[in-house]
Structures are given as C-alpha cells and as structure tokens.
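Undergrad: using only what follows, build the 3D model:
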Amino acid sequence: MKTRHSLQDSSSLRANSPRDGKVVRLATERRTRAAAGADVEAIYRRILAAIIEHRLAPGRKLVEERLAAVFGASRAMIRQVLTRLSHEMVVTLIPNRGAFVAEPTVGEAREVFEARRLIEPALARKLAAGATSAQLARLRQLVVAEEKARAIRDRQQVIKLSGEFHLEIAEMAGNTILARQMRELTLLTCLIITLYDSPVGHACPEDEHRQLLEAFTQRDGERAAALMLHHLDHVEQSLDIGLAAQDDDDLERIFS
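TA: Just a heads-up that it's a prediction; the model follows:
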C-alpha cells in the first residue's frame, strides 16, 4: 500500500515529467510570440503613421539597423514590418538596395485618382442610402476635427484626418473588398499629396467633406456620388507635379 509520502513523490514526478516540461516550454514560446507580435504591430502602426503624416518622405530609405535601434527591436521584426508595408504599396523593396518609402510617379498618381473615381462615388451613394446615426456621428467627428486642424494650420493632422474620412466611408459602405482597395488607394494618395501638393494646399479642399456629410445625412445618394466625384477631381487638379517633398534624416526625432 502506498503511503502518503510515496503518493506525494509520485505526484511530484508527474508534475516534472518530460511531457509537462514540454507543455511549459510551448506555453512560454506562445507568450513570447504573442509579445513579439504586439511589438511588430506597434512598430507597423508608428511607421505607417509617420508615412501618412509626411514625417517620412517618399523616396526615403528605411534602414533596418537604424529602425531596429530606434524601436529597440530585432532586424527580423523590422523586416516583417517593412514586408507588410510593401504589400500595402507604401514601401518599395528593392533587391540588394533595401526598403524605401514609395514614391509614386505622375502616371501612377493619375491612375490612383482614376481608380478612386471608379470606386468612391458608388461607395458614397451606397452609404447615403443606409448610413446609421452612429456612422454619421463618427463622420461628423472627423469633419469637426479636420476643421480644427485647418484652423491652426496643422497640415499633417489635416492630411491624416482627410484620409480617415475617406477610409471610414469605404468601411461603412459595407463592401469588404472595396474597403481593402480603398485603404491602399488612400495610403498612396497620402504619398502623392506629399510629393505633388502645393505648400499652401490641403489634403482635401475646405468644406467638401462637410458637404458630403450633409448629403449622407439627407440620404441623398445621387448628390453624395456627384459630390464625391467633384471632390476627387478637385483634389487631383490641385496637385503640382513640379514640387517634391523635403526629407528629414533624423529618425530619433521622427519617432520621438
């Protein structure tokens, strides 16, 4: 008959069996991967924000070693982020040269606006037909924030909020595939504005987002579609292809 002591010893042996050790190791590895994944996501969001807000200019080389040092991350993590950004077309990976913030050509810029004219008026029409009170409130919040940014001449914030306004419309319209395409087109548009917009220009002309919001509120789909088309034409016509963005080499300042 086993004594209490022998039962305890048996339990202890089971707890420290090779199988249990493997389970512990696997759990630790999962936690480590989860933490690394969270870090990669945070780095991705910060680099993407720096590109959208024009703190990283088109054509800027993204050196893995420097980014790893700035973020306190491994080069493998930085490489993962840059690969993801390249899939979204905001970073260009060139073999034997490295990663660069995408630099759309004039022809590519025209193609981006052509694609947006094919997609966004239809999305605007669809959203106007079924916009909820919560969706309208969110768009109104973005319009008010953008107007405040314009008032204090915060160009980077205006560009960011303008992009968010268009992305929200695409997502609210309820077509996942078109929303994904609009995300890529909107990110590219941010780069295009960096390259070709005039120094005194804005991401989107004043009042046009508010006019779109009014059309959504009134459930006027045809007016919303027409306003969106006019709006995109207006933005494209404001581009100045003779201008290029200024670069900033201070990564520590950019991500401070």
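Undergrad: show me where the stretch 1-150 of the chain has its helices.
TA: 4-15, 18-52, 64-71, 75-87, 106-130, 133-151 (DSSP state H, counting those that start in this stretch).
Undergrad: turn the ones you listed into JSON lines, including mean pLDDT and distance to residue 163.
TA: C-beta here means a position set from N, CA and C on the backbone, and glycine is covered the same way. Below are the helices of the stretch 1-150 of the chain laid out as JSON lines (pLDDT from 0 to 100; distance: least, Cβ to Cβ, whole Å):
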{"stretch": "helix 4-15", "mean pLDDT": "47", "distance to residue 163": "54"}
{"stretch": "helix 18-52", "mean pLDDT": "66", "distance to residue 163": "6"}
{"stretch": "helix 64-71", "mean pLDDT": "94", "distance to residue 163": "23"}
{"stretch": "helix 75-87", "mean pLDDT": "95", "distance to residue 163": "15"}
{"stretch": "helix 106-130", "mean pLDDT": "95", "distance to residue 163": "12"}
{"stretch": "helix 133-151", "mean pLDDT": "96", "distance to residue 163": "10"}
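Undergrad: which one, of those helices, ends up nearest to residue 175?
TA: With Cβ to Cβ as the criterion, residue 175 lies closest to helix 106-130 of those, at 7.2 Å.
Undergrad: packing partners for that closest one?
TA: Under the contact definition 3 or more Cβ pairs under 8 Å, 6 or more residues apart in numbering; DSSP states H and E, helix 106-130 sits against helix 155-172, helix 176-196, helix 208-217, helix 221-237.
Undergrad: if we use 10 Å, what do you get?
TA: helix 133-151, helix 155-172, helix 176-196, helix 208-217, helix 221-237 (3 or more Cβ pairs under 10 Å, 6 or more residues apart in numbering; DSSP states H and E).
Undergrad: Throw those into a markdown table and include distance to residue 86, thanks.
TA: Below are the helices and strands packed on helix 106-130 laid out as a markdown table (distance: least, Cβ to Cβ, whole Å):
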| stretch | distance to residue 86 |
| --- | --- |
| helix 133-151 | 28 |
| helix 155-172 | 19 |
| helix 176-196 | 12 |
| helix 208-217 | 30 |
| helix 221-237 | 25 |
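Undergrad: among those, which comes closest to residue 98?
TA: Residue 98 lies closest to helix 176-196 among the helices and strands packed on helix 106-130, at 17.8 Å (Cβ to Cβ).
Undergrad: rewinding a little: adding mean neighbour count and distance to residue 209, write the helices of the stretch 1-150 of the chain out as CSV.
TA: Listed next are these as CSV, based on neighbours: other Cβ atoms under 10 Å; distance: least, Cβ to Cβ, whole Å:
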stretch, mean neighbour count, distance to residue 209
helix 4-15, 10, 62
helix 18-52, 13, 17
helix 64-71, 16, 34
helix 75-87, 17, 27
helix 106-130, 18, 11
helix 133-151, 15, 5
